[in-house]
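1. I would like to see how this sequence folds:
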Amino acid sequence: MSIPENLALVRRRIAKKARSVGRMQEDILLVAVSKTFPASSVEEVARAGQLHFGESRVQEGEDKIPTVNVSGLIWHLVGHLQSNKLKRALQLFHWIHSVDSASLLCKLDRHAAALGKQVPVLLQLNLSGETTKFGISESDLDSTLDAALQLKSVSVEGLMIIPPFYDDPTAARPFFRRLRELLDYSKKRAPALPMKHLSMGMSHDFEEAIEEGATIIRVGTAIFGRREAKK
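-> Down below sits the predicted model:
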């Protein structure tokens, strides 16, 4: 199948799953994750009507985004953000999904203010305790929400998770469900924050994520095809 055909199939799967749980397809934002794929692939997907794209690395975004010959796209940083790349990230991306500490949140706010920007972000949680994954621990959520309430130039719009990978996608459900519970908790704990989004679910488990309340899904392989293994 071609990349546009892959995109159309993913959209049909989103619509079917949303209907099955009484949701609207329009309530679920599809982010096409283009990491490792060239600008030409992004252009192909964009010309098929896709608006939102994701990258995992600031450096790759810096190399690719300016060369994409389609205007009006909205870019999401979905991978780990290092403190020394904050300014570059803010200049490239419209959304940042991967804020993994209160200190990073505050630094982003200072840099965004200096650039005169208002930036929507998500708090990345690590609910599995995996040392190989970034994210705020559940025990640190309260202090991070307190920090978010003091921000002027960054708006915390919700939560994000990358659960452990399982061959059986249904095994990720407990993580999706817990993230939804923590979003509900966050709304009560910090009602002044927007906190309306759940960024969860990728190519192999986005349908399960939709069932558990995802409002943003991050899909790469199912749209662009398999990435080449690193040598």
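2. can you give me the strands for the chain?
-> 29-33, 52-55, 74-77, 95-99, 119-125, 154-161, 197-199, 216-219 (DSSP state E).
3. format the ones you listed as CSV; extra columns: mean neighbour count and distance to E138.
-> Glycine gets a C-beta too; all of them are placed from N, C-alpha and C. What follows is the strands of the chain, written out as CSV (neighbours: other C-beta atoms under 10 Å; distance: least, C-beta to C-beta, whole Å):
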stretch, mean neighbour count, distance to E138
strand 29-33, 22, 24
strand 52-55, 24, 25
strand 74-77, 21, 23
strand 95-99, 24, 15
strand 119-125, 24, 7
strand 154-161, 23, 11
strand 197-199, 24, 15
strand 216-219, 24, 20
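4. redo those strands as a markdown table? Include mean pLDDT and distance to L9.
-> Converted to a markdown table, these look like this (pLDDT from 0 to 100; distance: least, C-beta to C-beta, whole Å):
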| stretch | mean pLDDT | distance to L9 |
| --- | --- | --- |
| strand 29-33 | 98 | 12 |
| strand 52-55 | 98 | 18 |
| strand 74-77 | 98 | 21 |
| strand 95-99 | 98 | 24 |
| strand 119-125 | 98 | 26 |
| strand 154-161 | 98 | 25 |
| strand 197-199 | 98 | 22 |
| strand 216-219 | 98 | 11 |
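5. of all these, which one is nearest E207?
-> Closest to E207 of these, according to C-beta to C-beta: strand 216-219, at 9.0 Å.
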